[in-house]
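Enquirer: what would the 3D arrangement of this be:
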Amino acid sequence: MKGHESPAYRFGAFLLVPGERALLHDGEPVALAGKAFDLLVALASQAGHLVTKDELLRRVWPGLVVEEVNLSVNMSAIRKALAARSPDAADWIETVPRQGYRFKAPVDVDDVATLNSAELLRNVQLPGPPDASPPPARKRMGRRSAWLAIGALTLVLATGLAWLAFGRATPYTAVAVLPFAADTPANAHLADGIAEEAINALTRLAQLRVAPRASAFRFRGADPLEAGRRLDAPVVVTGSLARNGDRVTLQVDLVDVARAAQVWGSRYEVALAELPQLQRRLIDDLGRTLHVRADGSKTQRLAQDPTRNTDAYQAYLQGRYLWNQRSEPALRSAVEHFRRAIDLDPSFALAYAALADTYTTLGYLGWDAPAATFPVARPYALRAIELDPALSQSHASLAYIKFYFDWDWAGAGEEFRRAIELNLNDPVSHQWFAVYLLAAGRPGDAMHEVRTAQRLDPLSLTINTDVGFHHYYNGRYAEAIAQLQSVLGMKNDFGLANLWLARSYQEVGRLDESLAAAKSAEATAPQWAVFIAQRGYTLGVMGRRDEAHAVRDEMQQLSAQRFVTAYGVALVYAGLGDKGQAFAWLDKAFAERSHWLVWLRLDPRWKTLRGDPRFAALVDRMKYPG
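Expert: Numbering: from 1, shown residues only. Have a look, this model is predicted:
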């Protein structure tokens, strides 16, 4: 191919004009969005030759780490667009397995200036003055006239493409934001954090269902089409981030699952100091592209910057990245990052809410005593609400504290309802509210809420486990077993599902299977006292007293190294039939404010103690509602 100043490529009845981002078929515009157009140019310019995947990725996504699946999605879009106009075009792009692609159609190359404007503008009617006379016969135009014609054509094409991207007849009803790729592991927290905050912001749009982080992030590096189908999302957001010194480049693309086509893409290049503003720009662009809008105060909230301090924002993103890992070391490190974010920006509401969540997580998982975590979390949750009363996360955090530590049933219910009112699409708020309602003695309302959470996040392991948990506490053990087995079909080593399965098996007399499930749960977190206590309780019920006593000793030895809940020790004694020690340790659990006591009146493992006046007295001390 000979070089041209401004090339245009002809193949079949198609004309590709890269400089004007125009693709025509017999003079009619062909819609081809974003990166798909760039890939077609790359292939047509090397027609007959193999273009490797690496070369295409470098040329179309320069400087970014992008999953290869972006190539297949966009190649599919090109093939569909060409074949829709010319059936012969279906085979023009050859896939060379594990190497790249080859454009097989014969290609002629012209300069744009030599193109006949009549060919360019055929069937494209530009507006003219009223009652205009018929135009004179078209002649071959010079360079200036050709550029004017192409400019007019570009305006028409741009209008059409803008409609495709921003003006769909109907808005998308659901979206999944997959984890963004990062150029290096050191930048993973930035990529993940931006994607997670995009998810959080989009959930505030009541008319849009957003796949939650827990489910969407399971599809890291996956085919976005498959992810969209699994998440029941008609459109998927993918992205990739690269950092060069104090500059950040973010490429974000929108893939329509049904059409197997990229329908929008944008490249953001900002200074690191502009990272918080980048988040706002991304959310605004996604809202327009998805053709959904928030109204009133919600529109204003979507446009807010989380903080104006870049270092604070980076510390916050690093903290969230660690918090999502849930391990004890990661949680303790997350505390330090959130504290740093607050030190750098004392008005950063999200950082206060995140710090509250981290402390309550340390307490709930038993890494620290409840008295050392929940009271510490409270002022951070309250400060977050003071700074931003409309922040759903902070109300949910405060509700969690009131429920599990204060045993303030009325106050917890009020805060849970406020959190849901502020963000109807947050599955975690519905999940937590369901747990509260169940413990409060409202099982019907609780099941409705957990089903709502499940509808919002159908692939969530914890929410699907909670459905089984609700069946268990309602005495529907067969339904609980079936539900929990389905969760283990999704992830066979999910500890919480094995825990509740062990408890359910026990209630139907399948003790060997109960013990096996308890051991499977414990294998995922060997030092979590809750799992150890279940094993000890089961051994006691099975009459294997020596082994149950050994578990009791094991828990006492562990308590010299870390916090061990007295509720768990009481359970081992209950399994052994030692009521005196069971009540003594339950009293200790009350003194330590064990959050497990909210289940005291529902937990069937206390069946041998229920007739004792001491049990009734302890239930009264919990001041359950109703």
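
Enquirer: tell me how many other residues surround the residue nearest to Asp223 when sequence neighbours are not counted.
Expert: In this structure, Asp223 finds its nearest non-sequential neighbour in Val69, 4.9 Å apart by C-beta to C-beta, 6 or more residues apart in numbering. In this view, the C-beta of every residue, glycine as well, is placed from N, C-alpha and C. When neighbours are counted by other C-beta atoms under 10 Å, Val69 registers 17.

Enquirer: surely Val69 is in contact with Arg220?
Expert: No - with contact defined as C-beta atoms under 8 Å, Val69 does not reach Arg220; the gap is 11.6 Å.

Enquirer: nearest residue to Val252 in space, please, no chain neighbours.
Expert: Gly239 (4.3 Å).

Enquirer: any idea how far Asn200 is from the one you found?
Expert: Using C-beta to C-beta, to the nearest Å, we find Gly239 at a distance of 15 Å from Asn200.

Enquirer: who touches the closest residue to Thr373 other than its chain neighbours in this structure?
Expert: Closest residue to Thr373 in three dimensions, ignoring its sequence neighbours and counting by C-beta to C-beta, 6+ apart: Gly363, at 3.2 Å. Contact analysis of Gly363 by C-beta atoms under 8 Å, 6 or more residues apart in numbering lists 369-370, 372-374, 377, 404-405, 595.

Enquirer: specify the local secondary structure of Gly363.
Expert: Three-state call for Gly363 (DSSP: H, G, I helix; E, B strand; the rest coil): helix.

Enquirer: what about Gly239 and Asn200, which has more around it?
Expert: Gly239 (25 against 21).

Enquirer: wait, the more buried one touches Ile194, no?
Expert: Yes - the pair formed by Gly239 and Ile194 meets the contact definition of C-beta under 8 Å, at 7.5 Å.

Enquirer: what sits in contact with each of these two?
Expert: With C-beta under 8 Å, 6+ apart as the test, Gly239 and Ile194 both reach 180, 250.

Enquirer: low-confidence regions, the chain specifically.
Expert: The chain contains residues with pLDDT under 70 at 1-5, 33, 63-67, 112-170, 293-305.

Enquirer: find the centremost residue of it, please.
Expert: Arg213 (2.0 Å; C-alpha atoms, centre = their mean).

Enquirer: could you verify my assumption that that one touches Glu196?
Expert: Yes - if you go by C-beta under 8 Å, Arg213 and Glu196 touch, sitting 5.3 Å apart.

Enquirer: overlap in contacts, those two.
Expert: With C-beta under 8 Å, 6+ apart as the test, Arg213 and Glu196 both reach Asn324.

Enquirer: how about Trp264: which residues does it bridge to?
Expert: Leu254 (DSSP bridges).

Enquirer: next, count neighbours for it.
Expert: 23.

Enquirer: swap in Tyr172?
Expert: 19.

Enquirer: verify the stated contact: it with Gly287.
Expert: No - using C-beta under 8 Å, Tyr172 is not in contact with Gly287, being 10.7 Å away.

Enquirer: so what's Tyr321 closest to, chain neighbours aside?
Expert: Of all residues not flanking Tyr321 in the chain, His189 sits nearest, at 3.7 Å (C-beta to C-beta, 6+ apart).

Enquirer: I should have written Arg545 there, sorry.
Expert: Closest to Arg545 by C-beta to C-beta, 6+ apart is Leu576, at 6.3 Å.

Enquirer: what about the one you found, how many neighbours?
Expert: 21.

Enquirer: ok, it touching Ala548?
Expert: Yes - Leu576 lies in contact with Ala548 (C-beta under 8 Å); the separation is 5.4 Å.

Enquirer: give me the common contacts of the two.
Expert: Gly540.

Enquirer: give me the number of residues near Trp409?
Expert: Neighbours of Trp409 (other C-beta under 10 Å): 20.

Enquirer: how about it, nearest residue that isn't a chain neighbour?
Expert: Closest to Trp409 by C-beta to C-beta, 6+ apart is Pro625, at 4.5 Å.

Enquirer: next one: that neighbour from Gln506, what distance?
Expert: From Pro625 to Gln506 the distance is 28 Å (C-beta to C-beta).

Enquirer: out of those two, which sits in the more crowded spot?
Expert: Set Pro625 next to Gln506 and count neighbours by other C-beta under 10 Å: Gln506 wins out with 24 against 11.

Enquirer: next up, the contacts around the more buried one.
Expert: 514, 538, 541, 605.

Enquirer: which one (most neighbours) among those?
Expert: That'd be Thr538 among these, by other C-beta under 10 Å, with 29 neighbours.

Enquirer: that one and Leu278: what is the separation?
Expert: In terms of C-beta to C-beta, Thr538 sits 52 Å off from Leu278.

Enquirer: now do Met75
Expert: Distance from Met75 to Leu278, by C-beta to C-beta: 29 Å.

Enquirer: what's the answer for Asp457, then?
Expert: 27 Å.

Enquirer: so Arg280 is in which element?
Expert: In the assignment (DSSP states H and E), Arg280 maps to helix 275-289.

Enquirer: in that helix, which residues are buried?
Expert: Using 16 or more other C-beta atoms under 10 Å as the test for burial, helix 275-289 gives 275-283, 285-287, 289.
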